[in-house]
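1. quick one: sequence and predicted model below, then my questions.
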Amino acid sequence: MSQSAPLVLRLLAASVPAAARAGKIIKDVMSGGELAIVQKNKRNLFAKLLISPLSSSYFQNIFKGLGRNDLQTEADRSAQRCIIASLSQQFPDVTIIGEEGPSNPSDEVPSDWVVTESEQDILCKQCPSEYISTTAEDIVVWVDPLDGTSEYTQGLLDHVTVLIGIAVNGRAVGGVIHQPYHNYQTKKDVPGRTLWGLVGLGTGGFEVVDPPSDKFIITTTRSHSDGIVVKALEALKPDEILRVGGAGHKVLLLLEGRAHAYVFASKGCKKWDTCAPEAVLEALGGTLTDIHGNHYSYAKDVQYPDAQGIFATAKGVDHKSLVSKIPQELRDAFPN
């Protein structure tokens, strides 16, 4: 059945176990205690540090002034190698772009990191007609192997996600969000959970919950705030603001009905941060655009930054109406 299914369906089905395997690698690195943290913009190895999820205050001091919001760990690198090796082996003609840059051909990938199975429940679904004839040339896969690296190093493990987004002709249509530490604070040896979505087909892996009707809740950044970010939030007059790490985690709050909107009036996100979350959210009936209400392109030749900010809304929320509340002077800071 798997070989007869359309390419998009097969790729999505293969991405689910690949993301879960990457999540296990992330947890194994944390358990081993050697993160090998690198500041990405300088590519300098700072240290091989022994850490525990309880050492957040210690690491806040260590990373002060070191650009901790642009960190990379051994978990980031290894998880990406797992995902790209797994998907490339099955779909050699599909373009895959990973956050941690091109893989080094000389790096051997352990055989148990290469996942070849697929999520059978997805393969059994009826593929939407618009994807049946999609070819490898039409597709770009965007991979964030560890979204929320800063939070990972600080022990905020529920913020961590693995993101695999599938774009067809520039639009985010399919996505996988794996949360390796789901419910880790209340349950031991948690396997994590994997959510998926395909626009036109639907979603799986989680229970759909509507946001509360008696108050308006926004989620936004916990570590990249500035004057423009603050003014955008003030213009929307929320009753509550949830400041959390990771684009994947913020969209999870919308999927779970814990927030109505995710607003980030900044250029801090990149395409691998938003492709998978956008696809899963829109497969459920929500919306993710830039601050002007326009969808981003995820074609292989685009610039990586989401330079016009992020504005996402849960299912049932009037996206266009909320976007219109952003003052023009703030929008002008993000020219189209």
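-> Received it, and whenever you're ready, just let me know what you need. Numbers count the residues shown, from 1 in each chain.
2. this structure: helices as residue ranges?
-> Secondary structure of the chain (DSSP state H): helices located at 7-32, 56-62, 74-90, 120-123, 149-153, 227-236, 247-255, 271-284, 319-323, 328-331.
3. for G309, which of these is the nearest?
-> G309 lies closest, by Cβ to Cβ, to one member of the helices of the chain: helix 227-236, at 7.9 Å. Where you see a C-beta, it was placed from the backbone N, CA and C, and this is true even at glycine.
4. wait, S266 touches H224, no?
-> Yes: with contacts counted by Cβ atoms under 8 Å, S266 reaches H224, the gap being 5.8 Å.
5. neighbour count for those two, which is higher?
-> Using other Cβ atoms under 10 Å as the criterion, S266 and H224 rank with S266 on top: 22 against 15.
6. could I get the full set of strands for the stretch 101-250 of the chain?
-> Taking DSSP state E, counting those that start in this stretch, the strands of the stretch 101-250 of the chain run over residues 139-147, 161-168, 171-179, 193-198, 202-204, 217-221, 240-244.
7. mind putting the ones you listed in JSON lines, mean pLDDT included?
-> Output for the strands of the stretch 101-250 of the chain, formatted as JSON lines (pLDDT from 0 to 100):
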{"stretch": "strand 139-147", "mean pLDDT": "97"}
{"stretch": "strand 161-168", "mean pLDDT": "98"}
{"stretch": "strand 171-179", "mean pLDDT": "98"}
{"stretch": "strand 193-198", "mean pLDDT": "98"}
{"stretch": "strand 202-204", "mean pLDDT": "97"}
{"stretch": "strand 217-221", "mean pLDDT": "96"}
{"stretch": "strand 240-244", "mean pLDDT": "96"}
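8. V109 is nearest to which of those?
-> When these are compared by Cβ to Cβ, strand 139-147 sits nearest V109, at 13.0 Å.
9. ok, the closest one: who's next to it in the sheet?
-> Paired strands of strand 139-147, with direction, are strand 95-98 (parallel), strand 161-168 (antiparallel) (DSSP bridges).
10. make CSV out of the strands of the stretch 101-250 of the chain and add distance to E130 and mean neighbour count.
-> Conversion of those to CSV gives the following (distance: least, Cβ to Cβ, whole Å; neighbours: other Cβ atoms under 10 Å):
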stretch, distance to E130, mean neighbour count
strand 139-147, 13, 28
strand 161-168, 8, 29
strand 171-179, 9, 29
strand 193-198, 11, 25
strand 202-204, 14, 17
strand 217-221, 31, 23
strand 240-244, 34, 15
